[in-house]
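Trainee: Build me a model:
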Amino acid sequence: MRRYLQNITNLSKRIKGGALSYVILMILILSIMLSMYLLYRYYKVKEVDIEYVSLQLQQDIKSGINLLEHNVVDISDTGTELALFEGSVDSLRFVKRAWGVFDLIHITAIYRGKTRNRTMLSGVNYKAEAFPALYLADKNRYLSISGKSGIVGNCILPRMGIRRGYAEGVGFYADSLVYGSVGEADKVLPKIDDRFTNIDYLSYQQSDSTVNYASIPFGKVLFNSFANNRISIAGKKMFRPSGVKLKGNIVLSADSLIVLDKSMMLTDIIVKAQEIHVESGFKGRVQLFATKRVVINGGVTLIYPSAVVVSSKHKPDKLKPMVTVGKGTAIYGAVSVTDTDKKSKEIIYKANPGSFVSGVVYVDGVACQQGTVHGSIYTEMFRYRSRIAEYENHLSGIVINNRAVKKGFAVPDMFNSKTNIKCMFRVE
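Mentor: So this is what the prediction gives:
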């Protein structure tokens with residue numbers, strides 16, 4: 001009997017010990033599960049918090065763009081920083097620098113110690129009411145117009161005004177000479193920004209990184225972020241960099257002539273030389289700067305926002321500056337050609353029939369305009385060449401329409417208005 005009770009006692013102790021182990025095991029499992037749940041909730045909250053901060057930074061960037069486009073904040077090249085709200089942890093930092101005739105605006109949003117950056121090309125918002133469709137300097141001559149022509153938008157014209165004309169026996173066929181109001185022009189064009197008349201600032205700088213053309217990998221894109229130092233690629237007197245693919249903060253230059261062809265892919269870069277020839281089939285987003293001339297053959301597309309700038313400081317006996325735009329070519333952005341020889345009456349800008357420019361054309365000299373402009377054209381004088389004669393201050397078979405420009409289209413700040421800033425294009 002005693003032995004039996006002893007066995008029962010031992011069994012009872014073993015049961016109690018097993019229950020305790022079981023309870024400890026359950027507590028351990030529950031502790032692990034609770035820890036995992038708490039860890040899950042921690043990272044979930046952290047993930048939501050990161051997402052919230054990311055969204056807040058994104059909204060702050062948009063707020064910065066809105067502040068710029070509504071002229072609430074004035075930024076300079078040295079940079080500007082401001083708090084979005086009084087007592088808030090949101091702030092914005094702006095830095096501006098020139099990229100050709102456009103501006104690069106770098107926006108940094110700061111929120112709770114986190115940052116987000118965006119770099120954008122900017123210009124001024126093109127509005128039909130702020131730009132004339134045509135500005136023709138007053139040289140005491142009529143503007144004559146013939147053929148199937150149309151000028152849509154407000155114009156600034158010589159005091160003598162506009163009249164119906166005849167060229168090769170062809171008269172004027174539209175209902176109205178100008179579909180818009182007409183104001184009186186000055187004897188000279190509005191002064192243009194120095195970036196269009198002095199392009200020395202594009203020359204090689206000590207801070208530039210240099211890349212040898214021969215070292216560029218064939219078929220691969222050479223990309224340089226605008227957050228880095230500028231890359232300079234220089235060629236010989238005549239430079240034909242066929243097959244290259246360049247994107248970003250890059251200047252392609254040559255001492256004499258650069259030839260661009262359809263085998264090239266150029267995005268956001270600057271091209272600088274004495275002369276630039278663009279062959280048929282080329283398509284890219286570029287800014288072309290020349291000190292003598294730019295010849296653009298037919299069938300070329302310069303994607304928005306692009307620019308063509310010729311600035312000449314030649315002597316009268318030297319080669320005249322010239323921009324030629326071929327049939328079937330489209331330019332989206334700005335064209336400018338300036339000539340220091342004011343006594344000369346040679347044509348320095350020729351837009352052939354079938355050419356198209358969307359933006360602003362500025363010709364500080366004589367223009368032969370036979371293509372279509374959706375935007376504005378400023379010039380000292382027109383000259384029309386037919387098969388048998390030349391006509392001064394004459395337009396025939398052209399369309400100039402500044403009301404056809406799409407909403408939100410931006411152009412370089414050619415006249416230093418410093419208003420209506422438009423952050424038009426994001427770059428890397």
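Trainee: Name the helix or strand of this protein that has the lowest mean pLDDT.
Mentor: helix 2-69 (a mean of 72; mean pLDDT, DSSP states H and E).
Trainee: now for the next helix or strand after that helix, which elements pack on it?
Mentor: Sequence-wise, the next helix or strand downstream of helix 2-69 (DSSP states H and E) is strand 80-83. If you count contacts as 3 or more Cβ pairs under 8 Å, 6 or more residues apart in numbering; DSSP states H and E, strand 80-83 packs onto strand 90-99. All C-beta spots, glycine's among them, are computed from the backbone N, C-alpha and C.
Trainee: give the contact list for the closest residue to G248 other than its chain neighbours.
Mentor: Excluding its sequence neighbours, the residue lying closest to G248 (Cβ to Cβ, 6 or more residues apart in numbering) is N224, at 4.4 Å. Residues near N224 by Cβ atoms under 8 Å, 6 or more residues apart in numbering: S209, R230, I231, K247, G248, N249, I250.
Trainee: hmm, try it at 6 Å
Mentor: Counting by Cβ atoms under 6 Å, 6 or more residues apart in numbering, N224 makes contact with I231, G248, N249, I250.
Trainee: Mind listing the residues bridging to the last one?
Mentor: Spelled out, it's I250. For I250, the beta-bridge partners are I231 (DSSP bridges).
Trainee: before we move on, back to that, the contacts of N224 into a markdown table, with extra columns for pLDDT?
Mentor: Formatted as a markdown table, the contacts of N224 follow (pLDDT from 0 to 100):
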| residue | pLDDT |
| --- | --- |
| I231 | 92 |
| G248 | 92 |
| N249 | 93 |
| I250 | 93 |
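Trainee: In CSV: those, plus neighbour count and distance to S358.
Mentor: Formatted as CSV, the contacts of N224 follow (neighbours: other Cβ atoms under 10 Å; distance: Cβ to Cβ, whole Å):
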residue, neighbour count, distance to S358
I231, 19, 29
G248, 19, 24
N249, 24, 25
I250, 23, 25
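Trainee: so which two of those are the farthest from each other?
Mentor: Put simply, by Cβ to Cβ the two of these set farthest apart are I231 and G248, 8.1 Å from each other.
Trainee: who's I296 bridged to?
Mentor: Counting by DSSP bridges, I296 is bridged to V278, V325.
Trainee: can you count the residues close to it?
Mentor: Applying other Cβ atoms under 10 Å, we find 26 residues neighbouring I296.
Trainee: swap in D255?
Mentor: Using other Cβ under 10 Å, D255 has 13 neighbouring residues.
Trainee: Give me the pLDDT for it.
Mentor: pLDDT, D255: 85.
Trainee: okay, now the nearest residue to it once chain neighbours are set aside: neighbour count?
Mentor: Distances taken as Cβ to Cβ, 6+ apart put K237 closest to D255, at 4.9 Å, once the chain neighbours are dropped. As a burial measure, K237 scores 10 neighbours (other Cβ under 10 Å).
Trainee: If you average the pLDDT over stretch 199-214, what comes out?
Mentor: Averaging pLDDT along stretch 199-214 gives 80.
Trainee: Can you mark which positions in that stretch are buried?
Mentor: Buried residues in stretch 199-214, counted by 16 or more other Cβ atoms under 10 Å: I199, L202, D208, V211.
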